[in-house]
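Structural data only, the sequence is not supplied:
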């Protein structure tokens, strides 16, 4: 989204795979996006992000009916205040894991189930 400077300040606030089944790994996450402007967007529509771990593609997630309701001087959404007090908007996303490298995906899943931190990246598509 070039109008938001390419979303350089998008942070992952929550990441879980608790809704996975035997057939598929379901990703649910909350991404906090910093709005650097005074403009709010009531309906951004559906937004799509690629999920990456150690540079390897893991799958896509979608935020249905996303909106940017907090401008740069508005108080951030509650889930996003640890990234900044103003301008952060929380987007709830869901998708499935379709990794290009299964060894790296296995590492990510192992870290997740052991409760360890993993540097996961979400890039807007």
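Good, I have the coordinates. All of these numbers come straight from a predicted model, not from anything done at the bench.

Pick out the residue closest to the middle of the chain.
Central residue of the chain (Cα atoms, centre = their mean): residue 31, 3.5 Å from the mean position.

Just the element for it, please.
Element membership of residue 31 [criterion: DSSP states H and E] is strand 26-34.

Would you map the helices across this protein?
Counting by DSSP state H, the chain has helices at residues 102-113.

How much space separates the nearest residue to residue 92 once chain neighbours are set aside from residue 78?
Leaving aside its sequence neighbours, residue 92 sits nearest to residue 30 (Cβ to Cβ, 6 or more residues apart in numbering; 5.8 Å). Where you see a C-beta, it was placed from the backbone N, CA and C, and this is true even at glycine. Computed as Cβ to Cβ, to the nearest Å, the residue 30 to residue 78 distance reads 11 Å.

Same drill for those two, tell me which one is more crowded.
Shown here are residue 30 and residue 78; by other Cβ atoms under 10 Å, residue 30 has more neighbours (18 against 9).

Enumerate every residue touching the residue in the chain sticking out farthest from the centre.
Counting by Cα atoms, centre = their mean, the extreme residue of the chain relative to its mean C-alpha position is residue 22, 23.6 Å from that point. With contact set as Cβ atoms under 8 Å, 6 or more residues apart in numbering, residue 22 has no partners.

Torsion angles phi and psi at it?
Per-residue torsions, residue 22: phi -70, psi -30 (degrees, to the nearest 10).

Local confidence estimate at it?
You'll see residue 22 listed with a pLDDT of 86.

How about the one 4 residues further on?
We have a pLDDT of 91 for residue 26.
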